[in-house]
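Q: give me a 3D structure for the following:
(chains A and B)
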Amino acid sequence: MKSLKEELESEQVRHLDLSRYCAVQSGTPVREALATMRAEEGRPMLVIRGEELIGIFTERDVLQRVVGRPDALDGPVDAVMTARPITVLPDTSAADALWLMDDHHFRNLPVVDRQGRILGDMTYAAFVHYLAARYPVEVQNRPLRPQQYPSKPEGGD
Amino acid sequence: MTTATIPIQKATLSRADFASDQTVRWCPGCGDYAILATMQKILPELGVPRENIVFISGIGCSSRFPYYMNTYGIHSIHGRAPTLATGLAITNPELSIWVITGDGDGLSIGGNHLLHALRRNVNLNIILFNNRIYGLTKGQYSPTSRLGAKTKSSPMGTIEHPINPIGIALAAEASFVARSLDSHTQHMGEVLKRAAAHRGSSFVEVYQNCVIFNPTEWDGLDDRRTRDDNILYLEHGQPMVFGKNRDRGIRLNGFTPEIVVLGDGVSEADLVVHDADSTELGYILSSMEYPTPMGVFRQVEDRPTYTDGLMEQIATAQAKRGRGNLDELYRAADLWTVVPQDPTEPIEAHISGRVGGEMDDEYTDMLTGQGKEADDSTSYGRAGTNLDIHGLKDRLTEVNVEALGTHAPVEVDTQTSLAKAIRQMNSHQIGCVLVTDETDRLVGIFTERDVLMRVAGLVDDLAAANVGAYMTADPVAVRADLPIAHALHLMALHGFRHLPLVDDDRRPVGHHLVPRRGALPAQWVVV
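A: The predicted model follows:
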């Protein structure tokens, strides 16, 4: 039986859910970008010029570069985004992507193919969802509060 | 430019509002937990007040559901939940009514009741947990068990053909027919939300894993590694492409669906396009086993509900003949009185037999193989800090969050200014501070999500505003001896990235946050 590590080495990034992101064009005012992110429940934002990825704008950028700086709000998102983010290929192994995230403390890795097409954003949450679905009996099948879990195998107290 | 002087209050409910205080008496690892968790997660998103939600169940493991929901609920008669629900839907059309049933309760004992609730298009959401076994009665075959299945009541294999629940629902003219599975909670959540939004009879079959008596039934479907190769996700208006690499599709050859590989002269244009309006296509899909279709088979929106039709007829009749009088109608017929007789012998004399009893040995063995006894009832379970446990699954349940290393809690109080709190976060390079009251108890967390949603660009003077008005109040906090599996559960279902660790008095003792070097969840289990 393969270990999880071996399993993640054979699993490709494109097999994870890459759909949780939103996108804006370069030059969009920060205020507008914030409104879009709020409407998308805080999803990370890929900043594109035409079809090309030029940056990423996340909650962390908001915390570090936007809040408390009213002058930034009317400027372009380009001034506060993280420019030229590290990206991965769709066939990068999930394990490699994971180590990359860990090394750099990233929660997002945009997925861009060899032709420069944006395929999505691999998020930290996508890993969590993978693991939860990989071990549903242990992880998903639980009540809200741990103390509500029965202590005996047949479900009694 | 506006300054939000009035703090934005969260008026919405959360999963915790829908969880009751009852210990959940399903076997550890049962798929019912995932369905319960998903239901509690999606209900707040529907915006229906708790007092307008009712869960009605019959008999079976799944039918314990209403106890665990903090809504109205009836644990009713075997197979008769759709019947009670029909009466309720007519009496109060404002309610959101959910019928929870299983393959035995819904298709065997209550088969008839299910059919008629569906064909009447009563505004109900009927969720049928299908584990293809009788779990509560300990492992006899059910009406959906496969032909030849060897069970407690069919030691030589069943000689009965199984019922196809989706086919039954289509044949009974349900106006919304869908399927999902317990292990794919995101998919299940979406399907449940669409069922709730549908007016009329919604039928959702959920493939559910009975870990004790039928744990291998959904092999291939409930395994994250292989599921996308075995499931056809139905999307209205989309060509039927499937496979992990989206490289195969379904083409119709006459009335028979066939699997084709894309490329080599076959393109998406050759594939069947899913049409949820088509009953005929629904039937074809209902009998397809590989790949297994998941999602909405059929959805008909323009059909009046049973309640609408009935109320219209009552209004018409009353306009013609006036309101009727039930008492008069009753007394118009022949009446007689039945005289009660005194009992000649005490009723106790009729009671015999043994109450309670020992579990049979075979069952006890089966159970003890599945789990271990807890030695301390106040602990969350058996989690410890020994990272040297081998077996992946054991690590998940036996190693606790604390063993992974935690961040010392960074605390502020509710009166702390936003400016100071944000400075703290940036100087510690973290995305969250814990907010405590004067007795050092956790009352909230203030995260970068809160900054994005309520502060950035909305609050001008950060020094004048207090954290207390912008924090997320009463966050989920856990004890440090929480098993990793439970931390992952909370993260997967809620998207939490921060888990405050507290003692029994809710005083912060630590803070688990990701990502921090070495704190990504895969490393928790990767050896």
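Q: only C-alpha atoms from now on, for both contacts and neighbour counts.
A: Will do.
Q: wait, what's in contact with the residue sitting nearest the centre point of chain A?
A: Chain A has A:Thr123 as the residue nearest its centroid, 2.0 Å off, counting by Cα atoms, centre = their mean. By Cα atoms under 8 Å, 6 or more residues apart in numbering or on different chains, the contact set of A:Thr123 is A:18, A:20, A:107-109.
Q: now the nearest residue to B:Val401 once chain neighbours are set aside: how far from B:Asn400?
A: Of all residues not flanking B:Val401 in the chain, B:Ile484 sits nearest, at 5.3 Å (Cα to Cα, 6 or more residues apart in numbering or on different chains). Going from B:Ile484 to B:Asn400 by Cα to Cα, to the nearest Å gives 5 Å.
Q: which of these two has more neighbours?
A: Neighbours around B:Ile484 and B:Asn400, counted as other Cα atoms under 10 Å in any protein chain shown, are more numerous at B:Asn400. The numbers are 28 against 24.
Q: and the pLDDT for that one?
A: Predicted confidence (pLDDT) for B:Asn400: 84.
Q: pretty sure it contacts B:Leu482?
A: Yes. Shown here, B:Asn400 and B:Leu482 form a contact pair, counting by Cα atoms under 8 Å, at 5.1 Å.
Q: how about the nearest residue in space to B:Ser180 that is not next to it in sequence: which residues does it bridge to?
A: Nearest residue to B:Ser180 in three dimensions, chain neighbours excluded: B:Val206, at 4.9 Å (Cα to Cα, 6+ apart). Beta-bridge partners recorded for B:Val206 (DSSP bridges): B:Phe129, B:Ser180.
Q: same question, the one 4 residues further on
A: Bridge pairing for B:Cys210 (DSSP bridges) gives the partners B:Asn214.
Q: give me the number of neighbouring residues for it.
A: The number of residues near B:Cys210, taken as other Cα under 10 Å, comes to 26.
Q: low-confidence ranges in chain A?
A: For chain A, applying pLDDT under 70 flags the ranges A:1, A:153-157.
Q: for the residue nearest to B:Ser180, give me the pLDDT.
A: The predicted local confidence for B:Val206 is 98.
Q: give the contact list for it.
A: Contacts of B:Val206 by Cα under 8 Å, 6+ apart are B:127-130, B:179-182, B:188.
Q: if we use 7 Å, what do you get?
A: B:128-130, B:179-182 (Cα atoms under 7 Å, 6 or more residues apart in numbering or on different chains).
Q: please apply the same query to B:Phe176.
A: B:Phe176 sits next to B:201-203, B:298-300 when contact means Cα under 7 Å, 6+ apart.
Q: pretty sure A:Val13 sits against A:Ser93.
A: Yes. At 5.8 Å, A:Val13 counts as touching A:Ser93 under the criterion of Cα atoms under 7 Å.
Q: flag every buried residue along stretch B:427-436.
A: Neighbour counts over stretch B:427-436 (16 or more other Cα atoms under 10 Å in any protein chain shown) mark B:430-436 as buried.
Q: for that stretch, which outside residues touch it?
A: Contacts for stretch B:427-436 (Cα under 7 Å, 6+ apart): B:409-414, B:425, B:442-448.
Q: lowest mean pLDDT among the helices and strands of chain B, which one is it?
A: helix B:361-370 (a mean of 49; mean pLDDT, DSSP states H and E).
Q: got the buried residues for the helix or strand following it?
A: Elements were assigned by DSSP states H and E; along the chain past helix B:361-370, the next helix or strand is helix B:392-398. For helix B:392-398, the neighbour count (16+ other Cα under 10 Å) marks B:392, B:395-398 as buried.
Q: packing partners of helix B:392-398?
A: Using 3 or more Cα pairs under 7 Å, 6 or more residues apart in numbering or on different chains; DSSP states H and E, the elements in contact with helix B:392-398 are helix B:484-494, helix B:521-525.
Q: weakest of the ones you listed by average pLDDT?
A: When I compare those, helix B:521-525 is least confident, with a mean of 55.
Q: give me the low-pLDDT residue ranges for the stretch 151-300 of chain B?
A: Using pLDDT under 70, nothing in the stretch 151-300 of chain B is flagged.
Q: isn't there a helix covering B:Leu329?
A: Yes. Secondary structure of B:Leu329 (DSSP: H, G, I helix; E, B strand; the rest coil): part of a helix.
Q: filter the contacts of stretch B:427-436 down to the ones near chain A?
A: B:Glu448 (Cα under 7 Å from any Cα of the partner chain).
Q: and the contacts of stretch B:427-436, which of them are in helices?
A: B:425, B:448 (DSSP state H).
Q: how about CSV for the contacts of stretch B:427-436, with pLDDT, neighbour count and distance to B:Ile166 added?
A: CSV is the format used below for those (pLDDT from 0 to 100; neighbours: other Cα atoms under 10 Å in any protein chain shown; distance: Cα to Cα, whole Å):
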residue, pLDDT, neighbour count, distance to B:Ile166
B:Pro409, 84, 18, 51
B:Val410, 88, 17, 52
B:Glu411, 91, 20, 53
B:Val412, 93, 23, 54
B:Asp413, 93, 21, 54
B:Thr414, 93, 22, 53
B:Met425, 90, 19, 52
B:Leu442, 94, 25, 48
B:Val443, 94, 20, 47
B:Gly444, 94, 25, 45
B:Ile445, 93, 27, 45
B:Phe446, 94, 26, 46
B:Thr447, 92, 24, 44
B:Glu448, 91, 24, 44
